[in-house]
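Asker: no FASTA, just this:
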């Protein structure tokens, strides 16, 4: 480890992109202020796009992929961190433009890091990962918009995925009545164990619908976009809100202006990548407080670094339930 480390490198050769576990020299790391011995990372939807090169996420090759990690500071040139601190990183272009978390060692800018909140283990932090942190930002967005449990049902789309699974568990603990939308009927028991009171088939939201449909949702967390998001907006109740954070169903929204101007519906865009430090610190503190940690086990599996390419394909195909944690030292 002193002279090198293992990382999942995404490389381009003769116009073809592939990923492999490789030995990397310490000299290859960027010259940032804080060195971290990584314990865990996780596979998020964006990681799936990056590792398979289906989303053109990676800006330069070769790239140590992985948009998040947790680990221990081994050296710091910043007064904000000292050797031995446990830290989390989410986003900031890591795993896209800067070397990322599918590696045993990382070197990050101090401004990218958040200290691991008390009450969370390193494994739990990556069981949450960027998907779970994004889910918390969505819940905070709904709260900021004034959505309260007494106002009615809250919908979570893409419910069996990482964002959806964590969002359901948080919303349930906060007292909301949660309806989960999924294309996997076999996951009904899993979703209800997280806190969903009812399950609807995603196909009920994926076909073109009315520009202003019957009111149902007080709020929603959407990771799908496309026609699904348009239908969710059209079914949102007066002064309700929708937090949108993903594009699994496409990057367009064929929606009408009617819900916004006739019902005062709010569409809240959620960005986890460049989210300001105070907001992300608040999100991680809220996760330690408002996510039932015992439910993380129900949504988490642990894998080795070499399994990432397969998991990347699986998450894009909708085959990954909950959270896939990567033990980079396994």
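Answerer: Now that the structure is in, tell me what you want to look at. Note that the structure is predicted; figures quoted are calculated from it, not measured.
Asker: Every contact and neighbour count from this point should use C-alpha atoms.
Answerer: Fine.
Asker: how far does stretch 92-110 stretch from start to finish?
Answerer: One end of stretch 92-110 to the other measures 11 Å (C-alpha to C-alpha, to the nearest Å).
Asker: next one: that stretch to chain centre, how far?
Answerer: Its chain's C-alpha centre and that of stretch 92-110 lie 16 Å apart, by C-alpha atoms, centre = their mean, to the nearest Å.
Asker: Repeat that for stretch 256-270.
Answerer: 24 Å.
Asker: who touches it?
Answerer: Residues outside stretch 256-270 that contact it (C-alpha atoms under 8 Å, 6 or more residues apart in numbering) are 134, 137-138, 141, 145, 211-212, 230, 233-234, 236-245.
Asker: Which helix runs longest in this structure?
Answerer: Identified as the longest helix of the chain according to DSSP state H is helix 122-144.
Asker: For that one, name the packing helices and strands.
Answerer: Applying 3 or more C-alpha pairs under 8 Å, 6 or more residues apart in numbering; DSSP states H and E, one finds that helix 122-144 makes contact with strand 34-43, strand 68-76, strand 86-90, helix 162-173, strand 217-222, strand 236-244, helix 277-290, strand 323-327.
Asker: give me every residue that touches the residue nearest in space to the middle of the chain.
Answerer: When C-alpha atoms, centre = their mean is applied to the chain, the residue found nearest the centroid is residue 131 (1.4 Å). Contact partners of residue 131, counting by C-alpha under 8 Å, 6+ apart, are 44, 162, 163, 166.
Asker: ok so, going back, partner strands of the helix or strand following the longest helix of the chain, parallel or antiparallel?
Answerer: Toward the C-terminus, helix 122-144 is succeeded by strand 154-156 as the next helix or strand (DSSP states H and E). When pairs are called by DSSP bridges, strand 154-156 turns out to pair with strand 178-182 (parallel), strand 217-222 (parallel).
Asker: Break this protein down into its domains, please.
Answerer: Under the assignment automatic domain parsing, the domains of the chain span 4-116+296-327, 131-269.
Asker: Can you tell me how far the residue nearest to residue 325 when sequence neighbours are not counted is from residue 115?
Answerer: Closest residue to residue 325 apart from its sequence neighbours, by C-alpha to C-alpha, 6 or more residues apart in numbering: residue 42 at 4.3 Å. For residue 42, the distance to residue 115 (C-alpha to C-alpha) stands at 18 Å.
Asker: Compare those two (neighbour count), which wins?
Answerer: Under the neighbour definition other C-alpha atoms under 10 Å, residue 42 and residue 115 were set side by side, and residue 42 has more, 31 against 18.
Asker: quick one on the thing from earlier: would TSV of the domains of the chain with mean pLDDT and distance to residue 289 be doable?
Answerer: Shown next, in TSV, are the domains of the chain (pLDDT from 0 to 100; distance: least, C-alpha to C-alpha, whole Å):
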stretch	mean pLDDT	distance to residue 289
domain 4-116+296-327	95	13
domain 131-269	96	10
